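Chemist: Return a 3D structure for these sequence lines:
(one chain, ligands or ions: 4)
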Amino acid sequence: MALSGNELRGKFLAYFASKGHQVVASSPLAPKDDPSLLFTNAGMVQFKQVFLGQEQRPYTRAATSQKCFRASGKHNDLENVGRTPRHHTFFEMLGNFSFGDYFKQDAVTFAWELLTVGFGLDPEKLWVSVHHSDDEAAELWQSEVGVRPERIVRLGDKDNFWSMGDTGPCGPCSEIHIDMGPEMGCGRPDCAVGCDCNRYLELWNLVFMQYNRDASGQTTPLPKPSIDTGMGLERIAGVVQGVRSNYDSDLFTPIIERACQITQTAYGQSDQADISLRVIADHARACAFLVADGILPSNEGRGYVLRRILRRAARHGRKLGAQKPFLHQVAMKVIDEMMGAYPALGDARAFVDKVVTSEEERFNETLDTGLKLLAEAIEEAKAKGQTALPGEVAFKLYDTYGFPVDLTRTICEEEALGVDEPGFEAAMGQQKTRSRASWKGSGEEGLSGPLAELRAKGFKTAFTGYDGLEGQGQVV
Ligand code: ATP
Ligand code: MG
Ligand code: MG
Ligand code: MG
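Modeler: Ligands and ions are numbered 1, 2, ... in the order given. Here you go, the predicted model:
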């Protein structure tokens, strides 16, 4: 039997614990005290101040399994979900960190040993990339673990310089990829590591954290060079389990099965239905974890991103024939599957159920009318030979029917139609002026009533696979 996702998470942390790393709990999906970032999008986020030398910890080596969410900002994989085998909005990032302790040499050795010896990957299938300026890393891959020079690819900033956002710690990086076979590739003659197709699957990113970038774009050296790595748990699970897609790993199959049952749809029969099922499974995971971390649907900030993905999933359910709210049931399955590793998710079960159901109900009330209006407007635009849906229609759908504009965009795309974005923005601007609405930070201020009470009780989840402690920066 191949290792399960849960076992892989445990083995990863145990390996780094054996190399002197402190196992630290995942931090929440909403980063604390960090207005520069809406969501935690990498393992290093909770250690940002440590890398900058502004916070001390009683350890210089750490390992985590970090809850990450990438559906906004610099790292946004929303449109990839369901379409590529490797992207999710919510995923777990396994990482090891050195705060001014070891640097490139150990980082390279640890990663290679764990993948090839610990997880049994065939070294002959692995490739590495380094930043084009990084001779040192290229040399270490050869001298320390014996990677052949032709397997070491030099790439530019786009692939091999990592930053969390526009500001903060950053540095050149080196990535380990696995060749999934030519049949997974795009077939172009120049297809190689770094190609955006699915042949050379990026597994693990080792960031050589050396700089801090400030708001003016200036980089300055960090007090001590450090290491920050990240490997997607779902990707390594797919690879170790010998499947071609993360969605076929055991972290996803029970959730997809549940979505199939509820919508009475078979998986693997049609491309369109499969995309919908994967989107539903992905978004159900994201909704469960986001709500359990205290984020609630709203019209601003974090809450709006949650609302968007929830409504996207609802609409995919509708495409599969679901007439009634269903996503909460899929989210409950997510909780069943994941509460072993994240017990606080189990504690938040009733809360997640209530929040997701009520948002689905709200949206369902207007979904049909909105979809009808959109279908008519699309027909009209096509009849007139227009290439884009008028901005006012997109705005009306948003304002009156609760359609996030990306939903309207997706539906239009399916009909080979664009959306008049400037027109939408203009209509939105007018409404904003009218209501004098303003940006309210994370979008969670000003909550009142029962939701505020629930929030105040603090529903948080963290990886507590070892002894049940949780919270930001907490040792487990
Ligand atoms: P890709 O090029 O495949 O989009 P990335 O370069 O954006 O990945 P990094 O920012 O380097 O990813 O993140 C570190 C690791 O986290 C990746 O090597 C991958 O294993 C995992 N990862 C990144 N984005 C996702 C995602 N959307 N879903 C699942 N795993 C991801
Ligand atoms: Mg990416
Ligand atoms: Mg990449
Ligand atoms: Mg990368």
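Chemist: need the residues of the stretch 51-200 of the chain near ligand 1, please.
Modeler: Proximity of the stretch 51-200 of the chain to ligand 1 is confined to 70, 77, 86-88, 91, 93 under the rule CB under 6 Å from any ligand atom. C-beta: built from backbone N, CA, C; applies to glycine.
Chemist: Could I get the contacting residues of the closest residue to ligand 1 within the stretch 151-300 of the chain?
Modeler: For the stretch 151-300 of the chain and ligand 1, the shortest gap (CB to the nearest ligand atom) falls at residue 232, measuring 3.0 Å. Neighbouring residues of residue 232 by CB atoms under 8 Å, 6 or more residues apart in numbering: 86, 91-94, 203, 246.
Chemist: buried stuff in stretch 265-279?
Modeler: 265, 267, 273-274, 276-279 (16 or more other CB atoms under 10 Å).
Chemist: right, I mislabeled it, should have said stretch 43-63
Modeler: The neighbour-count check on stretch 43-63 (16+ other CB under 10 Å) flags 43-48, 50-51, 57, 59-63 as buried.
Chemist: neighbours of residue 384, just the number please.
Modeler: Residue 384 has 8 neighbours, counted by other CB atoms under 10 Å.
Chemist: hmm, I was thinking of residue 189
Modeler: Residues near residue 189, counting by other CB under 10 Å: 5.
Chemist: next one: the one 5 residues further on
Modeler: Neighbouring residues of residue 194 were enumerated by other CB under 10 Å; the total is 18.
Chemist: Could you tell me which residues make contact with it?
Modeler: Going by CB under 8 Å, 6+ apart, residue 194 touches 129, 153, 155, 159, 200.
Chemist: Flag the shaky bits of this structure, pLDDT-wise.
Modeler: Within the chain, the segments meeting pLDDT under 70 span 435-476.
Chemist: I'd guessed residue 162 sits against residue 207; true?
Modeler: Yes: counting by CB atoms under 8 Å, residue 207 is a contact partner of residue 162 at 4.5 Å.
Chemist: where does the closest residue to residue 399 other than its chain neighbours land in three-state SS?
Modeler: Spatial nearest neighbour of residue 399, excluding adjacent residues (CB to CB, 6 or more residues apart in numbering): residue 431 at 6.5 Å. Classification of residue 431 using DSSP: H, G, I helix; E, B strand; the rest coil returns helix.
Chemist: Run a quick neighbour tally on residue 431.
Modeler: Neighbour count for residue 431, taken as other CB under 10 Å: 13.
Chemist: Equivalent analysis for residue 242, please.
Modeler: Using other CB under 10 Å, residue 242 has 9 other residues around it.
Chemist: Quick one: residues contacting it.
Modeler: By CB under 8 Å, 6+ apart, residue 242 lies in contact with residue 2.
Chemist: Got the phi and psi for the residue of the stretch 151-300 of the chain closest to ligand 1?
Modeler: For residue 232, the backbone dihedrals (degrees, to the nearest 10) come out as phi -70, psi 120.
Chemist: Going forward, count from 32.
Modeler: OK, 32 is where the count begins now, so the last one is residue 263.
Chemist: As a check, name the ranges of all strands in the stretch 82-231 of the chain.
Modeler: With strands called from DSSP state E, counting those that start in this stretch, the stretch 82-231 of the chain shows them at 92-100, 102-103, 106-107, 121-129, 157-162, 183-186, 192-194, 199-210, 231-244.
Chemist: and for the one helix or strand residue 426 maps to, what are the contacting residues?
Modeler: Using DSSP states H and E, the element containing residue 426 is helix 422-432. With contact meaning CB under 8 Å, 6+ apart, helix 422-432 is reached by 397-398, 400-401, 404-405, 408, 434-436, 439-440, 450-459, 462.
Chemist: Among those, name the buried ones.
Modeler: Neighbour-count burial (16+ other CB under 10 Å) is assigned, among the contacts of helix 422-432, to 398, 401, 404-405, 408, 434-436, 439-440, 450-451, 454-455, 458-459.
Chemist: Residue 193 and residue 238: which is more packed in?
Modeler: Comparing residue 193 with residue 238 by other CB under 10 Å, the one with more neighbours is residue 238, at 28 against 23.
Chemist: residues contacting the more buried one?
Modeler: Neighbouring residues of residue 238 by CB under 8 Å, 6+ apart: 75, 193, 201-204, 258-261.
Chemist: can you pull out the strands in the stretch 282-431 of the chain?
Modeler: If you assign secondary structure with DSSP E, counting those that start in this stretch, the strands in the stretch 282-431 of the chain sit at 419-420.
Chemist: for the strands of the stretch 82-231 of the chain, which one sits closest to residue 316?
Modeler: Closest approach to residue 316 among the strands of the stretch 82-231 of the chain (CB to CB): strand 121-129, 4.8 Å.
Chemist: Tell me the strands beside that closest one, with direction?
Modeler: Looking at strand 121-129 with DSSP bridges, its partner strands are strand 92-100 (antiparallel), strand 250-263 (antiparallel).
Chemist: Enumerate the residues of the stretch 232-381 of the chain near ligand 1.
Modeler: Within the stretch 232-381 of the chain, the residues that sit near ligand 1 (CB under 6 Å from any ligand atom) are 233-236, 261-263, 265-266.
Chemist: Can I get the residues you listed in a markdown table including distance to residue 375?
Modeler: Putting these into a markdown table (distance: CB to CB, whole Å) gives the following:
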| residue | distance to residue 375 |
| --- | --- |
| 233 | 30 |
| 234 | 28 |
| 235 | 27 |
| 236 | 28 |
| 261 | 22 |
| 262 | 24 |
| 263 | 22 |
| 265 | 21 |
| 266 | 25 |
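Chemist: what two of these are the furthest from one another?
Modeler: By the measure CB to CB, 236 and 265 form the most distant pair in those, at 14.7 Å.
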